[in-house]
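> Fold the following and give me the result.
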Amino acid sequence: MNEVNASIITIGDELLIGQTIDTNSAFIAQELNKIGVWVRRRVAIADDRQAILDTLAAEAAQSQIIIITGGLGPTADDITKPTLCDYFHTRLVVDDGALQNVTTIFQRLGRSLTERNAKQAEVPESCIVLPNRRGTAPGMWFEKDSIVYASLPGVPHEMKGLIIDSVIPKIKETFTLPAVVHRTLLTAGQGESGIADRLVDFEAALPPFIKLAYLPAFGMVRLRLTGRGSDENIITKKVEECFTTLKTLVEEWMVADEDSTLPEAVSQLFKTEQKTLATAESCTGGYIAHLITSVPGSSAIYKGSIVSYANEVKKTVLDVKEETLSEYGAVSEQTVLQMATAACTLLQTDYAVATSGIMGPDGGTAEKPVGTVWIAVANWAGSARAQKFHFRFDRMRNTELTANAALMLLRNFVLENRNA
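You can find the predicted model right below:
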């Protein structure tokens, strides 16, 4: 079966100067990969007619699918539609369905439809209009010389809707695609190179149609097996066999045997155990609470957080003793143990996790340099544990690493105490 390749073109000066981070390409690539389309190139270009024309021609020489995002707004710098007219030798016309969509949105908002906004309903005459249920600018589908082009709004929420509702289904109708089977697991506590050393023989023994990918991030590594071929049943069976072996080899580091995040895995553990959680955060400033509450259904297990950034709050709310802070300091084993224990009591939860540290760039000392962090976990039964960490990055990354370390410490603590 021939491989189907795609190119992703993102248009916008704001992408090139770093004012906006391109998350669109990552989402599109993930969705294409799920259906067996290989993304050959991702290109970011300026709002420039010639740059768009040249890039379209260059990508058409190597890909059967070209997906474009950006430049479809109502302002003068949004030039994608007239440039597409030049490329496909066509003209702009008003699409009745798109005009009705824009009109309905403005009526719902109680605003008058201006001539500028009405222009969003103009599309190249040769395109198939892709209705935008999340915004005013429609998507557009073109076919030329056995190559398909999809032009989509740059607004991520709108682009995602069009990819899922229209583009992916049309690609599946248009092309004969290989079967693609993924199995992913999440590990923590061991780096990418250490895991790779463990899996040398496993990787060497994989059949040629199955590949192993390492996806590291902030103290965790995802391992993904991907099988590709014409017979989905055969591919699925072999991937499952290999995945079972993989799980056995990395069992000591495995957090979840599915493509989930650490907060999702922790939330699922608490749901399974029917336990509740509270957080007492100093250096992480509520970031752990954010991670937990970002998981749907977290209200079943999470009660709340006390962000005790100042020592006064540690003392008055979490009952950290004055002598503890004086003798050991806020960043200490003694302080975080008292924070975690108090959070359990105050919020009436089965478990609590507490953090206190120096995130940087300032505030460090010779004894406690930037990146020094203490994390404690405690439970309602009176058991508690604290661990010291040393991180070496900037403030944001140190915060993220602290949150991940806290969730891992909490997860292990719950597993150890599940039958206590």
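
> Correct me if wrong: Ile195 contacts Arg222.
No - taking C-beta atoms under 8 Å as the definition, Ile195 is not a contact partner of Arg222, at 10.4 Å. Any C-beta I mention is one placed from the backbone N, CA and C, and that applies to glycine too.

> list residues touching both of these two?
187, 214 (C-beta atoms under 8 Å, 6 or more residues apart in numbering).

> Assign the residue of the chain most remote from its centre to helix, strand or coil.
The C-alpha centroid of the chain is most remote from Glu323, which lies 43.0 Å away (C-alpha atoms, centre = their mean). With DSSP: H, G, I helix; E, B strand; the rest coil as the basis, Glu323 sits in helix.

> for Ile168, same thing?
At Ile168 the chain is in helix, as set by three-state DSSP.

> can you pull up the bridge partners for Val39?
Val39 has these beta-bridge partners by DSSP bridges: Ala6.

> Where does pLDDT dip in this protein?
By pLDDT under 70, the low-scoring segments of the chain are 1, 420.

> got the domain boundaries for it?
Structurally, the chain divides into domains by automatic domain parsing as follows: 4-174, 179-256, 262-417.

> starting at the chain centroid, how far to the shortest one?
Here domain 179-256 shows a centroid-to-chain-centroid distance of 20 Å under the convention C-alpha atoms, centre = their mean, to the nearest Å.

> go on, stretch 86-101?
The answer for stretch 86-101 is 34 Å, by C-alpha atoms, centre = their mean.

> and the end-to-end length of that stretch?
26 Å (C-alpha to C-alpha, to the nearest Å).

> again with stretch 121-141
Terminal residues of stretch 121-141 lie 15 Å apart, using C-alpha to C-alpha.

> Likewise for stretch 207-226?
Across stretch 207-226, the terminal residues are separated by 11 Å (C-alpha to C-alpha).

> Buried residues in it, which are they?
Buried positions in stretch 207-226, judged by neighbour count with 16 or more other C-beta atoms under 10 Å: 209-210, 219-226.

> Which members of the residues you listed occur in strands, if any?
Mapping the buried residues of stretch 207-226 onto strands (DSSP state E) picks out 210, 220-226.

> Can you pick out the most distant pair from those residues?
Greatest spacing in those, by C-beta to C-beta: Ile210 and Met220 (22.6 Å).

> Now tabulate the ones in strands among the buried residues of stretch 207-226 in JSON lines and tack on distance to Arg397.
Output for these, formatted as JSON lines (distance: C-beta to C-beta, whole Å):
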{"residue": "Ile210", "distance to Arg397": "33"}
{"residue": "Met220", "distance to Arg397": "13"}
{"residue": "Val221", "distance to Arg397": "16"}
{"residue": "Arg222", "distance to Arg397": "18"}
{"residue": "Leu223", "distance to Arg397": "22"}
{"residue": "Arg224", "distance to Arg397": "23"}
{"residue": "Leu225", "distance to Arg397": "29"}
{"residue": "Thr226", "distance to Arg397": "29"}
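
> Which one of the residues you listed is nearest to Thr187?
Val221 (4.9 Å).

> Please identify which helix or strand holds Lys315.
For Lys315, the host element (DSSP states H and E) is helix 311-316.

> Next one: the residue lying closest to Asn404 once chain neighbours are set aside relative to Met408, how far apart?
Nearest non-adjacent residue to Asn404, counting by C-beta to C-beta, 6 or more residues apart in numbering: Gly219, 4.8 Å away. Per C-beta to C-beta, to the nearest Å, Gly219 is found 7 Å from Met408.

> Check Glu323 too.
Counting by C-beta to C-beta, the gap from Glu323 to Met408 is 31 Å.

> go on, Pro208?
Distance of Pro208 to Met408, computed by C-beta to C-beta: 35 Å.

> if you go through the stretch 301-420 of the chain in chain order, where are the helices?
Here the stretch 301-420 of the chain has its helices, by DSSP state H, counting those that start in this stretch, at 311-316, 322-328, 333-347, 395-417.

> Buried by neighbour count: which residues of the third one qualify?
Residues of helix 333-347 classed as buried under the neighbour-count rule (16+ other C-beta under 10 Å) are 333-344, 346-347.

> Run a quick neighbour tally on Thr399.
When neighbours are defined as other C-beta atoms under 10 Å, Thr399 has 23 of them.

> how about it, what does it touch?
Neighbouring residues of Thr399 by C-beta under 8 Å, 6+ apart: 283-285, 287, 359.

> all strands in the stretch 101-250 of the chain, in order from the N-terminus.
Listed in chain order, the strands of the stretch 101-250 of the chain (DSSP state E, counting those that start in this stretch) span 122-124, 128-130, 139-144, 147-152, 179-188, 210-217, 220-229.

> okay, those in a markdown table with distance to Asp47 next?
Listed next are these as a markdown table, based on distance: least, C-beta to C-beta, whole Å:
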| stretch | distance to Asp47 |
| --- | --- |
| strand 122-124 | 17 |
| strand 128-130 | 22 |
| strand 139-144 | 17 |
| strand 147-152 | 14 |
| strand 179-188 | 34 |
| strand 210-217 | 32 |
| strand 220-229 | 36 |
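
> Could you point out which of the ones you listed sits nearest Ala386?
With C-beta to C-beta as the criterion, Ala386 lies closest to strand 179-188 of the strands of the stretch 101-250 of the chain, at 18.8 Å.

> Ile164: which of the helices of the stretch 301-420 of the chain is closest?
helix 395-417 (28.5 Å).

> my guess is Leu215 contacts Thr226, does it?
No - using C-beta under 8 Å, Leu215 is not in contact with Thr226; the gap is 11.4 Å.
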